[in-house]
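Chemist: Generate a structure from the sequence data that follows.
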Amino acid sequence: MVIGWNEMAFIEMRKRILISVDWFPPAYKAGGPIQSAHNLAGLLARHHDVWVVTGNRDLGETKELVSNHDIWIPFDVPQGTIQVRYSERLSRGDWKQLLEEVNPDFLHLNSLFSLEFTLLPMRLVRASLNTKVCLAPRGMLGKSALAIKPLKKQLFLSMMKMTGGMNHVLWHASSMNECDEVLESFPKARNSIKVAQNLPLPLPLENPERPADHWRVLIVGRIHRVKNVMFGLSALLKCKSTRPIHVDFIGPLEDVEYGAELEGLSKQNPAVSVRLLGGMPPSELAPHYQGAHFLLSSTMQENFGHSIVEAWAHGCPVLISDRTPWKELENKGIGWEWPLDEAIWIRGLTEAFSISNADWQEKSAASRAFFADHVQSDEVERANLALFEL
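Modeler: As a prediction, the model looks like this:
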């Protein structure tokens, strides 16, 4: 078979990319970072050869994800197949063998403080001229994230700055907010940051009608104090509405005591019914988005917000805090964002729940259009592919 010039050029352009991430599907309980890594792998598989090394337990679980661990398993993604290795435990020697076996042009790391999936492989390739390191902090340099176990994290960051441990990496920031967070911790990284927005799931084909006799509000994410969901529910219970309100929480219950507090709080307003539906994989979420009028997120920090953009994709406007990259939502007709002040939230929610069904339908259509034009776009894909240009 004779290979033409164009085909030969294409073959030479394909790179070997190794993605390291603590959790990967079928894991789902760690939320957004899993979706970010999965969607990135799907895009890269169209253009490059992709391997993923990950753990063999979901967040907080003891059950294995797969029985045939520590071997490469073919994993289908849109428009391609990647190789995934679910590992029980990774030592320095294991990583040395993996890196020699794959011999990647790029190593993409999806954490900042993970010993097994970031620090070990990063140290091994530090002196390599063949492998470039791309590090996505996935929100871990935000103030709210650094406030959890702060002494341990500040010590780590100080050591990295003193030793120059991050000098060789290309930083993958998912937004300009995250770019600023990286520079605050690593000022010398100014010339080694690229901004590439996280990749969403594809735009759904359908946007079903919602009932007009009640409001259904969806809250998606881990049920834990760090997610600040109590704040949003408390404000919602105190607002006024033209219709009864049904609230569905979808997410793993990581803090049982906190879950009990939420259930107790939810009984304070009989006009608002609350259900805790537990965690579920992303593949099962579509009917819940399609049945909701609004997504609510009172997050204290979000570097992207997969639940936010997926709500837009399903024609669901959002009610969120101002601690995300998404701004001026009311002007765009796709929701509202407010500072974390309960009085402001109560007024804002009262306004949102007073709109007519015709107004809501306009916002629903605008949400899908915004997703198609600004979230799922060729420009976003090009920015992600540019991370892996030699």
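Chemist: N384: neighbour count?
Modeler: Neighbour count for N384, taken as other C-beta atoms under 10 Å: 20. Any C-beta I mention is one placed from the backbone N, CA and C, and that applies to glycine too.
Chemist: same thing with N269?
Modeler: 16.
Chemist: Shouldn't D76 be within a strand?
Modeler: Yes. Under DSSP: H, G, I helix; E, B strand; the rest coil, D76 falls within a strand.
Chemist: Give the bridge partners for it, please.
Modeler: T81 (DSSP bridges).
Chemist: Tell me the pLDDT of it.
Modeler: Note for D76: predicted pLDDT of 94.
Chemist: Tell me how many other residues crowd it.
Modeler: With other C-beta under 10 Å as criterion, D76 counts 10.
Chemist: Ok, R123 next?
Modeler: 12.
Chemist: tell me which element it is part of?
Modeler: With secondary structure defined by DSSP states H and E, R123 is part of helix 120-125.
Chemist: Return the list of helices and strands in contact with that helix.
Modeler: If you count contacts as 3 or more C-beta pairs under 8 Å, 6 or more residues apart in numbering; DSSP states H and E, helix 120-125 packs onto helix 92-102, strand 106-109, strand 132-135.
Chemist: Recalculate using a threshold of 10 Å.
Modeler: With contacts taken as 3 or more C-beta pairs under 10 Å, 6 or more residues apart in numbering; DSSP states H and E, helix 120-125 sits against strand 16-20, helix 92-102, strand 106-109, strand 132-135.
Chemist: Quick check: chain neighbours aside, which residue is closest to L120?
Modeler: Nearest-residue entry for L120: W95, 5.0 Å, with adjacent residues in sequence omitted and distances by C-beta to C-beta, 6 or more residues apart in numbering.
Chemist: What pLDDT is listed against that neighbour?
Modeler: For W95, the predicted pLDDT is 96.
Chemist: close enough to count as contact, it and E116?
Modeler: Yes. Here W95 reaches E116: they are 8.4 Å apart, a contact under C-beta atoms under 10 Å.
Chemist: Need the residues touching each of these two.
Modeler: The overlap between the contact sets of W95 and E116 (C-beta atoms under 10 Å, 6 or more residues apart in numbering) consists of S20, V53, S87.
Chemist: Report the contact partners of the first one.
Modeler: With contacts defined as C-beta under 10 Å, 6+ apart, S20 is in contact with 37, 51-54, 90, 95, 98, 104, 107-111, 114, 116-118, 120-122, 133, 135.
Chemist: Test of understanding: give the bridge partners of it.
Modeler: Beta-bridge partners, per DSSP bridges, of S20: V53, L109.
Chemist: Just the strands from this protein, written as ranges.
Modeler: Applying DSSP state E to the chain gives strands spanning 16-20, 49-55, 72-77, 80-87, 106-109, 132-135, 170-173, 193-195, 215-220, 245-250, 272-276, 294-297, 318-321, 335-338.
Chemist: Throw these into a markdown table and include distance to D373, thanks.
Modeler: Output for those, formatted as a markdown table (distance: least, C-beta to C-beta, whole Å):
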| stretch | distance to D373 |
| --- | --- |
| strand 16-20 | 28 |
| strand 49-55 | 28 |
| strand 72-77 | 24 |
| strand 80-87 | 26 |
| strand 106-109 | 27 |
| strand 132-135 | 27 |
| strand 170-173 | 22 |
| strand 193-195 | 18 |
| strand 215-220 | 23 |
| strand 245-250 | 27 |
| strand 272-276 | 33 |
| strand 294-297 | 19 |
| strand 318-321 | 16 |
| strand 335-338 | 16 |
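Chemist: Could you point out which of these sits nearest M159?
Modeler: Among the strands of the chain, strand 132-135 comes nearest to M159, with 15.8 Å by C-beta to C-beta.
Chemist: Pairing partners for that closest one, with directions?
Modeler: For strand 132-135, pairing defined by DSSP bridges yields strand 106-109 (parallel), strand 170-173 (parallel).
Chemist: Can I get that strand in PDB? Just the C-alpha atoms.
Modeler: Once non-C-alpha atoms are left out, strand 132-135 reads as follows in PDB (Å, rounded to 0.1, in the frame of the first residue of the first chain):
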ATOM      1  CA  LYS A 132       6.300  17.200  28.300                       C
ATOM      2  CA  VAL A 133       4.100  17.600  31.400                       C
ATOM      3  CA  CYS A 134       0.700  19.300  31.400                       C
ATOM      4  CA  LEU A 135      -0.900  19.900  34.800                       C
END
